[in-house]
Every structure is written in C-alpha cells, then in structure tokens.
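S.K.: pasting the sequence and the predicted model now:
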Amino acid sequence: MTSQANLAAECTNYQAAHFQASSGSGASIHPPEPSSPVWSVSDLEFPVSNIRPGSTLGEDDLDEPVGLLKDHRHEKMLSESNCLSLFNPSTELWATEQDQPPVAGFLHDGTRNPDTDLCDIDTFTGALLPRVEQPPTYKNPGSGLGYDLRGMNWRQHNMTAGNLIEKHLRRESMLHTKTDAPSLHLNPQNRIEQDPIEEDSWPSAQCLLRPATSQDFVGIAAIINAEMRQEDAQVLYTAPIGPQEIEQLYLHCQKDLRPFIVAVPSVNEFLDRSKWPEGADKEYKEFVRFKKLQQQSTNYNTVLGFAFVTEARMGLLATGCHGSRFTGRITVLVHPDHRRKLYGTALLDRILLSVSAYHRSLIDCAWECSNAMLIYEHPVTKNQRKYARLHIEGLFAGKEGEKETWVNKLLEKFEFTKAGRLGETTCTGSGRPSNWLDSVMWEHEARPVSEITEEEPQRRI
C-alpha cells in the first residue's frame with residue numbers, strides 16, 4: 001500500500017506539470033478547481049484523440065514539447081509502466097476515495113526528522129506508526145582482545161583478506177628459514193639416530209594355485225596319508241588313502257559346482273633365458289648349474305597342498321542336506337614338509353575369492369585358471385552356486401593350546417569367528433594311544449542372507 005500511495009502521488013504531480021504545459025499551448029485539458037471539496041481523475045478532459053483510458057502515455061503522444069518531461073522524476077515515471085497507466089482500475093478506485101491530493105504529511109514542509117526513519121507507515125492512513133523500541137546490539141569484545149594478529153578476539157573482529165595473506169606469507173617464510181637452516185647449529189652429540197620406518201611388505205606365497213586335475217590325485221592322497229601319521233593329525237582313517245578315493249571326492253565337488261584347488265611350486269622366472277639380458281650367457285649357465293645343485297629333482301607338478309568345499313551338514317540318508325545348500329565346509333590341508341610357508345594362507349584366500357562375495361585378497365599368489373566353469377568366476381556373483389555361511393572345523397586336545405591359538409589368529413584375518421566348541425567328540429585310536437579331541441568350529445559370513453535367491457544350482461551329471 002505504501003508503494004501504491006507513492007505511485008499515486010507521483011502521478012498526481014505529473015498531472016499538475018502536464019496541466020501547466022498545456023496552458024501555454026492552448027490545450028483544453030482543465031485541472032479541477034483547487035477549491036473543489038471532491039475531485040476525481042474522471043474530471044480530467046483529454047481532447048487529444050490518441051490518448052485513451054487505460055493506455056500508456058509516452059513522449060510521442062504529446063503535442064507540446066517534452067522539455068518538462070525531462071525532469072528526473074518524470075524520467076523515472078516513464079520507465080515505470082504502472083506510473084504511466086493513468087487510468088489503472090485499482091489506482092482510479094483509490095484516487096476517487098481521496099479528498100485531497102496524496103501528500104506525505106511529514107515531508108510537506110521540506111523538513112526531515114531522522115527519527116521517522118525508524119517508524120513504519122500505516123498503509124491505510126499514510127500516518128507514521130509509533131516507533132518500536134529495539135534493544136541495542138553491540139559486539140562483545142570479550143576478554144584478551146589484544147592489539148594485533150596475535151590476539152584471537154582481535155582476529156575475530158578485525159581479520160581481513162589482507163591479514164590472512166600476510167599471515168600465510170609469514171608462515172611460508174618461517175618454513176623456508178627452518179628448511180634452509182644449516183645443520184651445524186645442532187649438536188651432533190645430542191642427535192638421536194632413528195631407523196627408517198619400513199612399511200609392512202605385502203605377504204606373498206611362492207607357489208602357483210590352480211583347479212585340481214586328475215594328475216593331482218596321487219599327490220593329494222600322499223598329503224592325506226602324511227597327515228594321518230602326524231601326532232596332532234586332523235585326518236583320521238584306519239587305512240591309507242588312494243587316488244580312487246580322491247577321484248570320488250573330486251567328481252562330487254564337480255557335480256555340486258564346488259571349488260577344489262591345489263598349490264604347486266611356481267616356476268622360477270630366473271630360469272627363463274628370455275628374462276636375462278643379452279651377453280649374459282655365462283652368468284645364466286652358472287645360475288642354472290647352481291639351482292640344479294641346490295635341488296636335484298624339481299617336479300613342478302608336486303602338490304604342496306589342497307583345499308575344497310563340501311556340504312556343511314549331512315542329511316538323513318548320509319547325503320548332503322537340502323536345507324544347507326547355501327552353506328559350505330572348507331577343508332585346507334598342506335603337506336607337513338611345506339608348512340609355515342604361507343601355502344595354507346594362499347589356499348584359504350583363493351577359496352574365499354571363489355565363494356565369498358565381499359572377500360578381498362590378503363596375499364599375493366599366482367592363480368592359473370583357463371576355464372572358470374561357473375565355479376571360479378570373478379566376481380563371485382557370476383558363479384552358479386551361492387554361499388551365505390562357510391565353516392571350518394579343527395580337532396584339538398583339551399583346552400586352547402598353542403596350535404589352536406595360532407589357527408584362531410589366522411582365521412580372524414579372514415573374518416572368521418569362533419562359533420563353538422564341542423568337547424571330546426573324536427577319539428584317535430587306530431594303532432596309537434586313544435586320545436579324545438575337542439571339535440572347534442569357526443564360521444564366516446560369505447554373503448548376507450537377504451541377497452541369497454532361491455535359484456537352485458544345477459548339478460552336473
């Protein structure tokens with residue numbers, strides 16, 4: 001309403017100026033008598049044919065010179081379309097209700113009271129409203145204001161971009177001074193020699209991992225028989241194992257689309273002549289002769305260890321339980337002569353890379369697989385069989401001993417947790433003193449059960 005009142009006031013002043021200009025040029029536009037108690041915009045007469053109610057009055061529509069319109073106030077009115085619309089319905093309705101031309105009463109005498117800047121205007125009457133008292137607002141200087149950049153409160157109140165640049169340049173200068181300072185200022189006797197911090201090297205197993213083949217059955221059977229002769233054996237049979245039993249186990253894993261891998265010695269890259277530079281024939285022959293003397297027989301098909309996944313729970317008819325189709329039991333076994341060389345760690349890591357959707361490798365090792373067969377796919381989600389939980393079981397005598405502690409620490413690195421302990425579930429016997437062993441089980445979440453679909457894996461025939 002305030003802007004509308006000001007608009008009407010400027011329009012009225014424009015009309016008065018227009019009346020004065022018209023009186024000198026003989027125009028018949030007659031303003032209302034000053035003594036009239038009531039006046040209206042409709043009392044104005046416009047004989048000019050090109051001016052219509054509701055139209056915009058421009059410079060081209062006036063017959064007389066437009067010198068009077070060059071006033072600053074008139075230029076502003078010409079730039080505002082609402083001001084030039086003299087017969088706007090809302091403006092006309094407001095103007096007809098006024099007894100006198102709208103004039104701001106507190107400015108009519110040319111004076112200005114600064115106190116009125118803090119007062120609002122009544123939009124209906126145009127009068128000033130009483131001033132609303134507001135509490136004064138001041139900056140709190142706080143304690144320890146300081147007089148330069150060293151004072152925190154001073155910086156909060158007076159910090160500028162120039163001060164920040166100056167502070168940055170001063171700091172850079174101090175760093176250069178400390179860097180370029182000669183070491184002679186330091187007393188050599190007070191120096192403390194510090195060993196360089198070496199980053200932990202990523203573990204690497206010097207072996208080759210690949211899916212098991214029929215050529216590995218003899219080596220796998222040899223590892224099982226060697227394990228049965230150990231004092232703390234994890235495999236207990238009354239008779240030696242032959243390649244025929246390994247073949248049945250292998251075919252069972254292939255039929256159920258479960259991984260079965262082996263670890264074999266990796267080929268030494270230095271034995272490859274192409275890896276040596278030209279002109280190093282003599283050095284190469286000496287190196288080959290040295291390796292032959294160090295290890296007379298090197299069979300790269302020798303099985304160092306193996307790992308596979310089978311059913312976690314047997315059913316009523318001594319077959320895999322259908323309800324446990326999304327779980328698996330991991331078996332990892334390394335030849336006694338090749339233990340503590342990271343072969344078992346590499347085998348477990350490779351198995352998890354084939355069955356655990358979110359597992360990330362923890363050890364470097366060569367992997368060779370020409371046909372994934374929907375068992376060794378990457379990522380794991382492309383495999384035919386899905387796993388939700390994985391189990392590992394171990395046999396230990398009595399309370400937790402040194403070996404069990406070592407196994408527990410190893411499995412914790414692969415996010416296995418100890419699920420339970422069943423006391424005295426296994427008796428050794430079979431030609432040796434009977435010893436009752438506890439069965440300890442660890443479990444690993446391969447994938448949340450919410451992500452497991454009910455698609456049944458296709459069994460191979």
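M.R.: Yep, it's here.

S.K.: for the stretch 201-350 of the chain, give me the ranges with low pLDDT.
M.R.: Along the stretch 201-350 of the chain, segments meeting pLDDT under 70 span 201, 267-273, 275, 291-301.

S.K.: just the strands from it, written as ranges.
M.R.: For the stretch 201-350 of the chain, applying DSSP state E, counting those that start in this stretch gives strands covering 204-211, 260-265, 305-310, 327-334.

S.K.: rebuild those strands as CSV, extending it with distance to Glu227.
M.R.: Backbone N, C-alpha and C define where each C-beta goes, glycine included. What follows is the strands of the stretch 201-350 of the chain, written out as CSV (distance: least, Cβ to Cβ, whole Å):
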stretch, distance to Glu227
strand 204-211, 18
strand 260-265, 15
strand 305-310, 10
strand 327-334, 6
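
S.K.: any idea which of these gets closest to Pro135?
M.R.: strand 327-334 (71.8 Å; Cβ to Cβ).

S.K.: pull the residues that contact the closest one.
M.R.: With Cβ atoms under 8 Å, 6 or more residues apart in numbering as the test, strand 327-334 has contacts from 223-224, 227, 234-235, 258, 263, 304-313, 343-344, 347-348, 351, 355, 387-393, 446.

S.K.: about what we covered before: mind putting the strands of the stretch 201-350 of the chain into a markdown table with mean neighbour count?
M.R.: Output for the strands of the stretch 201-350 of the chain, formatted as a markdown table (neighbours: other Cβ atoms under 10 Å):
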| stretch | mean neighbour count |
| --- | --- |
| strand 204-211 | 19 |
| strand 260-265 | 24 |
| strand 305-310 | 24 |
| strand 327-334 | 20 |
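
S.K.: what residues sit buried inside stretch 350-367?
M.R.: 350-357, 359, 363, 365-367 (16 or more other Cβ atoms under 10 Å).

S.K.: typo on my end, it should be stretch 244-251
M.R.: Neighbour counts using 16+ other Cβ under 10 Å place Glu245, Ile246, Leu249, Tyr250 of stretch 244-251 among the buried residues.

S.K.: pretty sure the second one contacts Ile220?
M.R.: Yes. The criterion here is Cβ atoms under 8 Å, and Ile246 meets it with Ile220 at 4.9 Å.

S.K.: could you look up the SS state of Glu424?
M.R.: Secondary structure, DSSP: H, G, I helix; E, B strand; the rest coil: Glu424 is strand.

S.K.: possible to save the buried residues of stretch 244-251 as a markdown table with distance to Gln156?
M.R.: Formatted as a markdown table, these follow (distance: Cβ to Cβ, whole Å):
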| residue | distance to Gln156 |
| --- | --- |
| Glu245 | 81 |
| Ile246 | 78 |
| Leu249 | 76 |
| Tyr250 | 76 |
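
S.K.: Met441: which of those residues is nearest?
M.R.: Leu249 (21.0 Å).
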